[in-house]
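Chemist: sequence? don't have it. structure:
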């Protein structure tokens, strides 16, 4: 590996992966992170699988010359569509993807009812279907497509009446039969955790895959001897839109509490 390969590239279809970036910064404070959000083509969740794969590969290929030692696909949709192709394309790189925190939910709520909020692409891909089949004997898994929710978050609308109304209409029917846990299967959704928790009630546990992805990234770096030593890490935020507004929202999400 070339000496200049020191960046960890964190990729998402837009701004949602910043929720994963936050976890990565906490777990790997000495690393250099390059975050790229493809908001120009967001949302990925309504696109064809092949289109998502092509967009993901194109964006990552354009950033590899920066000197990337590891890639984190901080997007459930892009992971489902492109992770195998990326690992084949870059066998010498660490490539880590997202997985809905369904295993953790099933372990904590055996025999319970687990709601999985995700995009259409994530829910229809083989990767998720196999995961659901794996735990269907342990708990009842209920997929819940969330069309339009990503767009609210991309616009920075986290606390508006429109978002509350949308989530209330989406969750109310699913909550009627009782829910033990909600798995957030899209990296955009953790930004709405406080509102989802309020609507679902304190008895419902809300889980996402961000922390697990950060820990897995650390393990992979350690295994290859690629961890940076002690010192201040850095974060560079990029977006395919390239406007001051989208970069301002990106920075706000990175530093906001949720």
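Modeler: Thanks, I have it. For clarity, every value in this text was computed on a predicted model and none was experimentally measured. Numbering: from 1, shown residues only.
Chemist: find the least confident helix or strand in this structure, judged by mean pLDDT.
Modeler: Lowest on mean pLDDT, DSSP states H and E among the helices and strands of the chain sits helix 120-124, with a mean of 87.
Chemist: excluding sequence neighbours, find me the nearest residue to residue 126.
Modeler: Of all residues not flanking residue 126 in the chain, residue 80 sits nearest, at 8.0 Å (Cβ to Cβ, 6 or more residues apart in numbering). The C-beta positions use only the backbone N, C-alpha and C, and glycine is treated the same way.
Chemist: A strand includes the one you found, no?
Modeler: No. Counting by DSSP: H, G, I helix; E, B strand; the rest coil, residue 80 is not found in a strand; it is helix.
Chemist: and it, how many neighbours?
Modeler: Neighbour count of residue 80, defined by other Cβ atoms under 10 Å: 31.
Chemist: kindly report the same for the one 5 residues further on.
Modeler: Close neighbours of residue 85, defined as other Cβ under 10 Å, add up to 14.
Chemist: hmm, back to that, which outside residues touch the least confident helix or strand of the chain?
Modeler: Helix 120-124 has contacts (Cβ atoms under 8 Å, 6 or more residues apart in numbering) with 44-47, 49, 52, 76-77, 80-81, 100, 116, 128, 143, 145, 147, 185-186.
Chemist: I'd assumed residue 129 was in contact with the residue nearest to residue 126.
Modeler: No. Taking contacts as Cβ atoms under 8 Å, residue 80 lies outside contact range of residue 129: 9.8 Å.
Chemist: quick revisit: now do the residue nearest to residue 126 against residue 226, distance only.
Modeler: From residue 80 over to residue 226 the distance is 26 Å, taken as Cβ to Cβ, to the nearest Å.
Chemist: now do the SS call for residue 182.
Modeler: State at residue 182, reduced to three classes by three-state DSSP: strand.
Chemist: neighbours of it, how many?
Modeler: Residues contacting residue 182 under the criterion other Cβ under 10 Å number 27.
Chemist: just for this protein, where's the confidence low?
Modeler: 1-4, 257-258 (pLDDT under 70).
Chemist: show me what contacts the most centrally placed residue in it?
Modeler: The C-alpha lying nearest the average C-alpha coordinate of the chain belongs to residue 187 (Cα atoms, centre = their mean; 2.9 Å). Contact criterion Cβ under 8 Å, 6+ apart gives 12, 16-17, 19-20, 74-76, 98, 208-210 as the residues in contact with residue 187.
Chemist: hang on, it in a helix?
Modeler: No. Secondary structure assignment places residue 187 outside any helix; it is coil (three-state DSSP).
Chemist: just want the phi and psi numbers for it.
Modeler: Recorded main-chain torsions at residue 187 are phi -70, psi -10, according to degrees, to the nearest 10.
Chemist: and it, how far from residue 252?
Modeler: 16 Å.
Chemist: thinking again about what came up before, next, the buried residues of the least confident helix or strand of the chain.
Modeler: Neighbour-count burial for helix 120-124, with 16 or more other Cβ atoms under 10 Å as criterion, is recorded at 120-123.
Chemist: before we move on, the earlier item: can you redo the contacts of residue 187 as a markdown table with neighbour count, secondary structure and distance to residue 35?
Modeler: What follows is the contacts of residue 187, written out as a markdown table (neighbours: other Cβ atoms under 10 Å; DSSP: H, G, I helix; E, B strand; the rest coil; distance: Cβ to Cβ, whole Å):
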| residue | neighbour count | secondary structure | distance to residue 35 |
| --- | --- | --- | --- |
| 12 | 32 | strand | 8 |
| 16 | 31 | coil | 11 |
| 17 | 30 | coil | 7 |
| 19 | 25 | helix | 11 |
| 20 | 29 | helix | 9 |
| 74 | 31 | coil | 8 |
| 75 | 33 | coil | 12 |
| 76 | 34 | helix | 17 |
| 98 | 30 | coil | 15 |
| 208 | 25 | strand | 18 |
| 209 | 28 | coil | 17 |
| 210 | 22 | helix | 14 |
